[in-house]
Each structure stands twice: as C-alpha cells, then as structure tokens.
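Trainee: Dropping a prediction and its sequence here:
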Amino acid sequence: MPPIQFVVDRREHNKTLAAALKMRYGLSWSQAKRLVEGRHVKVSGQVEPNVDRRLQLGKRIELAAGSIELPPEERKRLAEKAQKKAQKAAKKAAPPPARAAANAKKSPPAVPVPGLPESVIVYQDDAVVVANKPAGLTTMRHKDEAEEFGARAQKFLPKTLADLLPVALGAPGKPLTAVHRIDRDTSGLVVFARTRAAAEHLTKQFRKHTVERSYVALTRGVPASKRIESVFIDDRGDGRRGSATGDAAGGKRAVTHVRVTEALGAHALVECRLETGRTHQVRIHLGENGTPLCGEKVYDRPLNGQPAPDGTGAKRPMLHAARLGFVHPVSGTALSWEAPPPADFAALLTELRQKAT
C-alpha cells in the first residue's frame with residue numbers, strides 16, 4: 001500500500017501540521033497528535049515529530065501507509081487521480097521526438113523580471129543556461145507538487161527559478177529543465193538545459209560525478225581539512241537525514257572534500273568540493289563533523305542531542321555554490337564558472353574576520 005500524500009494548499013498555508021491533518025482528514029486533535037508524535041508523518045521527505053510545525057504553501061506532506069482510515073470521498077479522489085495518471089502514462093507508449101540540438105545562434109539578451117536580480121543569468125546559449133540562484137528562491141517545482149496542483153493552480157504557488165528564467169530569457173513559452181538543484185536557502189550556480197538532448201547529456205555527467213561543483217561555507221568551529229565519506233539514509237533516528245551507523249539498506253554513498261581556506265577564531269571559511277551530490281550533503285557532513293554551518297537549524301546537533309550554539313545571527317545556512325564546471329553538451333568544450341557569495345554571506349565573513357583579529 002503506497003503512502004498517503006498531499007501538497008499544502010492556500011487553506012492550509014501557515015497552519016500547524018496538526019491543524020492541517022484535522023482539516024484534510026477530519027481527525028481529532030488527539031488522533032493528529034498521535035500520528036505526528038508516532039513519527040508517521042513526513043514534511044518534504046523529513047520525518048516531522050512536531051505537531052506545531054507551521055506549514056508553507058507547496059510543501060509535500062506524506063503519511064505512512066495504513067496510518068489513517070481515509071474518508072470515502074478522499075479514497076475516491078485518490079483513485080481517480082491514480083486512474084488519470086495511468087491513462088496519461090499509457091498515452092506515452094512512444095517517446096516524443098528529441099528536439100534539435102543547439103546551434104551557434106545567439107540567445108536574446110536577458111529581460112528584467114520583478115524579484116529576480118539582473119545578474120542572475122551567468123551564461124546562456126541555445127543549449128544551456130547557467131544561473132546564480134539567490135538564497136530564498138526554490139530551484140524548481142517538485143514533480144509531486146506539479147501533479148497535485150496541475151498547470152492552472154500552479155499560478156498560486158510561489159515562483160521558482162525555473163519559472164522565472166524563461167521570462168528573463170525572453171522566451172516565456174519555452175520551459176527549462178533543471179538538471180540538478182540546490183537548497184532553497186543556498187545561493188549559487190545551477191545549470192538548466194534548454195533542449196531534451198542537452199538535458200540527457202548533462203544528466204549523464206552528473207550521474208558519473210564528472211561535473212565540477214564547489215561550495216564555500218561559514219562554519220561554527222574549524223573543521224579538519226579532509227575527505228568525508230559516509231552512507232546517507234532518510235532517517236538517522238531523529239527524523240533527520242544523515243549518515244548510517246550500522247546497516248544501510250537503500251542508503252546512498254556521499255563524499256565531500258573539505259578544505260579550510262581561512263580560520264576565523266571560533267569560526268572558519270571552508271571550501272567543500274562535491275564528489276557526489278546528495279540532498280543536503282555539505283550541511284549534513286559538516287554538521288555531523290561537529291562544525292555546522294552558521295545559521296544552520298536542522299543539521300546542527302548530534303543524534304538526539306542539543307543544537308550547537310550559534311551567536312552569528314545568520315538568518316540562513318551560510319552556504320554558497322561558488323564554482324560549477326561541465327562539458328558543454330553540444331560543443332564538447334570543458335566550461336566552468338565562478339560566482340562570489342552574496343551580500344549577507346560577505347557581510348558575515350567581514351564581521352567574523354574583524355572579531356578574529
């Protein structure tokens with residue numbers, strides 16, 4: 001039996017997790033509380049044990065299979081949704097023809113878009129777009145969210161970088177494919193494909209771990225410069241993603257190369273080079289190392305332990321994707337780009353340098 005899933009809509013936005021479950025499934029307060037505290041509910045893939053967690057529009061909620069008895073109307077809705085999905089899949093028996101590969105034609109200049117810095121587009125041609133994503137902006141819409149809301153209802157969801165870039169490129173009717181993603185609160189370089197062929201070529205590079213990706217980070221404490229390797233699991237025992245300490249069936253290998261570029265007293269400026277690209281990889285490895293990011297509020301504590309003190313006042317995890325390099329899917333040329341950290345990162349770095357002197 002598959003898990004029960006839904007995406008937070010406008011009615012449930014900013015409601016507590018317990019309140020949303022009560023509204024959607026007609027549960028009592030005690031039923032919702034037992035469900036959450038029993039670790040049967042996930043928010044965006046993470047087990048959420050806090051009934052008072054405030055939900056944001058577009059978040060994906062997942063309930064363990066069999067954890068609740070769905071009302072008849074909800075069972076009917078899910079059955080109809082599954083039927084439509086099956087019908088849609090059946091229509092795709094033959095794959096659509098691949099789009100033509102990119103040529104040397106120059107792309108139009110960037111168009112100003114409200115809420116998007118003009119400097120966001122670092123590089124563009126007919127095959128790829130490299131963007132410098134601002135912190136606070138989601139890279140792309142999760143597939144489950146897109147299916148849940150449908151094309152019409154998605155206009156009510158917060159815009160993603162993938163939504164805004166086509167407008168900035170002067171081609172609002174031509175969607176881009178995000179080949180990879182970085183966290184909403186992480187800033188930095190990300191590549192999008194403009195054709196099917198380019199997306200497939202880049203995806204192969206990411207799967208083979210040949211893409212060059214380096215982050216800069218500000219940490220609490222000074223980590224050792226070393227290679228960190230572990231196996232990631234979805235729940236390390238407290239509802240957080242993390243490294244397995246025993247058997248890791250279904251786990252994924254994660255490798256990060258950490259190098260301290262500047263010690264700043266009780267803090268450090270660190271470069272992290274990714275050998276693999278797992279969700280929250282740098283945040284998890286540095287946190288488990290005992291040197292969490294400044295501003296980190298999830299991976300800032302040992303298993304079942306207390307959060308590490310953070311007196312920096314950082315409003316987000318101080319992590320920036322500073323370098324990106326790959327082989328161009330059409331020309332075969334090795335390309336790379338670098339982007340300096342944004343203003344909040346630079347300001348905190350300056351402050352930490354002053355305190356360290």
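Mentor: Done, it's in.
Trainee: what about the helices in the stretch 101-250 of the chain?
Mentor: Assigned by DSSP state H, counting those that start in this stretch, the helices in the stretch 101-250 of the chain fall at 143-153, 161-168, 196-207.
Trainee: What residues sit buried inside the longest one?
Mentor: Judged by neighbour count (16 or more other C-beta atoms under 10 Å), helix 196-207 contains these buried residues: R196, A197, A198, A199, H201, L202, Q205, F206. Quick note: C-beta positions are derived from backbone N, CA and C, even for glycine.
Trainee: Same check on the second one?
Mentor: Buried residues in helix 161-168, defined by neighbour count with 16+ other C-beta under 10 Å: L161, A162, D163, L164, L165, P166, V167, A168.
Trainee: Could you do stretch 31-49 as well?
Mentor: Neighbour counts using 16+ other C-beta under 10 Å place A32, L35, V36, H40, V41, K42, V43, S44, Q46, V47, E48 of stretch 31-49 among the buried residues.
Trainee: re the thing from before, compare the helices of the stretch 101-250 of the chain and say which comes out lowest on pLDDT.
Mentor: When these are compared on mean pLDDT, helix 143-153 scores lowest, with a mean of 53.
Trainee: of all the buried residues of helix 161-168, which comes closest to V179?
Mentor: Top of the list for closeness to V179, among the buried residues of helix 161-168 and by C-beta to C-beta, is A162 at 10.9 Å.
Trainee: how far away is the closest one from V43?
Mentor: Counting by C-beta to C-beta, to the nearest Å, the gap from A162 to V43 is 22 Å.
Trainee: where's L349, which helix or strand?
Mentor: Counting by DSSP states H and E, the element that carries L349 is helix 343-356.
Trainee: what does that helix rub up against?
Mentor: Contacting residues not belonging to helix 343-356 are listed as 135, 187, 216, 218, 262-265, 267, 269, 294, 312, 314-316, 318, 320, 340-341 [C-beta atoms under 8 Å, 6 or more residues apart in numbering].
Trainee: taking the residues you listed one by one, which sit in strands?
Mentor: S187, V216, L218, E262, A263, L264, H267, L269, H320 (DSSP state E).
Trainee: Mind checking which of those are buried?
Mentor: By the neighbour-count criterion of 16+ other C-beta under 10 Å, these include these buried positions: S187, V216, L218, L264, H267, L269, H320.
Trainee: Which of these sits closest to T256?
Mentor: Proximity of those to T256 was ranked by C-beta to C-beta; the top entry is V216 with 13.1 Å.
Trainee: For the closest one, give the beta-bridge partners.
Mentor: Using DSSP bridges, the beta-bridge partners of V216 come out as E271, H320.
Trainee: Correct me if wrong: it contacts A339.
Mentor: No. Under the criterion of C-beta atoms under 8 Å, V216 is not in contact with A339, lying 9.9 Å apart.
Trainee: shared neighbours of the two, anything?
Mentor: Residues touching both V216 and A339 (C-beta under 8 Å, 6+ apart) are H320, A322.
Trainee: At the geometric centre of the protein, which residue sits there?
Mentor: Of all residues in the chain, the one closest to the mean position by C-alpha atoms, centre = their mean is D183, 3.6 Å from it.
Trainee: And the nearest residue to that residue once chain neighbours are set aside, how far from D234?
Mentor: By the measure of C-beta to C-beta, 6 or more residues apart in numbering, the closest residue to D183 outside its immediate chain neighbours is H280, 6.8 Å from it. Computed as C-beta to C-beta, the H280 to D234 distance reads 11 Å.
Trainee: Find the residues that touch each one of the two.
Mentor: Common neighbours of H280 and D234, using C-beta under 8 Å, 6+ apart, are R241.
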